[in-house]
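Student: Show me the folded form of this:
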Amino acid sequence: MDDHKLALPVGTTLDRFIMRKQEDFAYATGELSQLLRDIALAAKIVNREVNRSGLIDVTGAYGNRNVQGEDQQKLDIIANIRFIRALRNGGEVCTIVSEEDEDMIQTGNNQGKYVVAIDPLDGSSNIDVNVSIGTIFSIYRRTSPTGSAGTVADCLQPGTQQVAAGYVIYGSSTMLVYTTGNGVNGFTYEPSLGEFFLSHPAIQMPLSGTIYSINEGSANSFSPGVAAFVQHCKDHHFSARYIGSLVADFHRNLLKGGIYLYPATAKSPHGKLRLLYECNPLAFIVEQAGGRSSNGKCRTLEIEPKETHERSPLFIGSQELVAQAELCLQG
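Tutor: Numbering: from 1, shown residues only. Got it, this is the predicted structure:
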């Protein structure tokens, strides 16, 4: 018997992959590599909290509302603390923008070269019913001089300036998917070893698909263009798939092909999703995987943000489907 069959390789760990790919970074000094490791560490801790949420008192509403006017869940608070603590202790980040905090967070690391925008726990209200949730993050190089506190201008950069972006999906398995502008790679968490292993190398999104994801409960306030595209999907026998957790809906479409739509509605005339830490990072990922992202009028990554919690419509997914949606929106 071949001795090697007794101990088959377990695969490439996230740490080793980051180290090997460091030369692909625009600024290969090691700080960005460490920053990605810090995010992965926080994700492991949040994964632990999510997995035991039914056994300890961390489910349900916390009793406060965040800056978005949304009821905070206990796990929102836990995830926010974990990620901010990891980013602050890592030392590479000078400023953080979080969905859960109204103001920018100064880490005290004035020598840090990076700014992070993060949604610590997207779709957290789904925790109580055991539905997939996630974390979304975006990384920029600061534009202000090092040695001083980060500025608003550091945070209000268009998505084209991102140096890395990614998401973590906590579901039947936990995955971390990220890009540094050289393709998209996915890593699955192996809890017994406490490591993320490369499981989805060089992800490529199908050019088209037969899945559309939209909250049709808001159909009465869709614009004529959005309504026309949804009808187009139905006429062509698409499958409607909508979880209500952005990361989960996006992840499925990324792998299988499809389109996710969150248009402007009467309730959310500027769209509901946040540009900096939801739309931009996912747009960066989808473009690196061969897909497309738009606000219905222009490329998502080219939008010039005006405030840290700015909202935007989002049409994201396979190239052909997003292009078709844009045509419908333009009449």
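
Student: For stretch 217-224, buried residues please.
Tutor: Buried positions in stretch 217-224, judged by neighbour count with 16 or more other Cβ atoms under 10 Å: 218, 222. All C-beta spots, glycine's among them, are computed from the backbone N, C-alpha and C.

Student: how far does it sit from the chain's center?
Tutor: Put simply, stretch 217-224 sits 26 Å off its chain's centre (Cα atoms, centre = their mean, to the nearest Å).

Student: just stretch 225-236 next, same as before
Tutor: Put simply, stretch 225-236 sits 26 Å off its chain's centre (Cα atoms, centre = their mean).

Student: And the protein, what are its domain boundaries?
Tutor: 10-200, 211-329 (automatic domain parsing).

Student: Quick one: end-to-end length of the longest one, please.
Tutor: Spelled out, it's domain 10-200. 14 Å (Cα to Cα, to the nearest Å).

Student: roughly how far is that domain from the heart of the chain?
Tutor: Distance, centroid of domain 10-200 to centroid of chain: 9 Å (Cα atoms, centre = their mean).

Student: Ramachandran coordinates for the closest residue to residue 277 other than its chain neighbours?
Tutor: Of all residues not flanking residue 277 in the chain, residue 117 sits nearest, at 4.0 Å (Cβ to Cβ, 6 or more residues apart in numbering). Here the main-chain torsion angles of residue 117 (degrees, to the nearest 10) amount to phi -110, psi 130.

Student: Also the one 5 residues further on?
Tutor: Dihedral pair for residue 122: phi -80, psi 130, per degrees, to the nearest 10.

Student: Could you check how many residues crowd around it?
Tutor: 28 (other Cβ atoms under 10 Å).

Student: Locate residue 77 within the secondary structure: which element?
Tutor: For residue 77, the element it lies in under DSSP states H and E is helix 74-90.

Student: List the buried residues in that helix.
Tutor: Buried, per 16+ other Cβ under 10 Å, within helix 74-90: 74-80, 82-84, 86-88, 90.

Student: Identify the farthest-apart pair in these.
Tutor: For those, the farthest-apart pair by Cβ to Cβ is 74 and 90; their separation is 24.9 Å.

Student: related to what we said a few turns ago, and which of the buried residues of helix 74-90 is nearest residue 174?
Tutor: Nearest to residue 174, judged by Cβ to Cβ, of those is residue 79 at 13.2 Å.

Student: For that closest one, give its distance to residue 141.
Tutor: Relative to residue 141, residue 79 is positioned 25 Å away (Cβ to Cβ, to the nearest Å).

Student: likewise residue 50?
Tutor: In terms of Cβ to Cβ, residue 50 sits 31 Å off from residue 141.

Student: Between these two, which is the more surrounded one?
Tutor: Shown here are residue 50 and residue 141; by other Cβ under 10 Å, residue 50 has more neighbours (23 against 16).

Student: That one against residue 124, yeah?
Tutor: No - shown here, residue 50 and residue 124 do not form a contact pair, counting by Cβ atoms under 8 Å, at 9.3 Å.

Student: Could you tell me which residues touch both of the two?
Tutor: Counting by Cβ atoms under 8 Å, 6 or more residues apart in numbering, the shared contacts of residue 50 and residue 124 are 75, 133.

Student: mind checking which helix or strand of the chain has the lowest mean pLDDT?
Tutor: None of the helices or strands of the chain scores lower by mean pLDDT, DSSP states H and E than strand 61-65, at a mean of 50.

Student: How about the contacts made by residue 250?
Tutor: Counting by Cβ under 8 Å, 6+ apart, residue 250 has contacts 167, 260, 282, 286, 316.

Student: The last one contacts residue 260, correct?
Tutor: Right, residue 316. Yes - applying Cβ under 8 Å as the test, residue 316 and residue 260 come out as touching, 5.2 Å apart.

Student: Who has more neighbours out of those two?
Tutor: The neighbour comparison of residue 316 against residue 260 (other Cβ under 10 Å) goes to residue 316, with 31 against 26.

Student: Which one of the domains of the chain has the poorest average confidence?
Tutor: Among those, domain 10-200 has the lowest mean pLDDT, at a mean of 88.

Student: check contacts around the nearest residue to residue 305 once chain neighbours are set aside.
Tutor: Counting by Cβ to Cβ, 6+ apart, the nearest residue to residue 305 once its immediate chain neighbours are dropped is residue 156, at 4.7 Å. Going by Cβ under 8 Å, 6+ apart, residue 156 touches 304-308.
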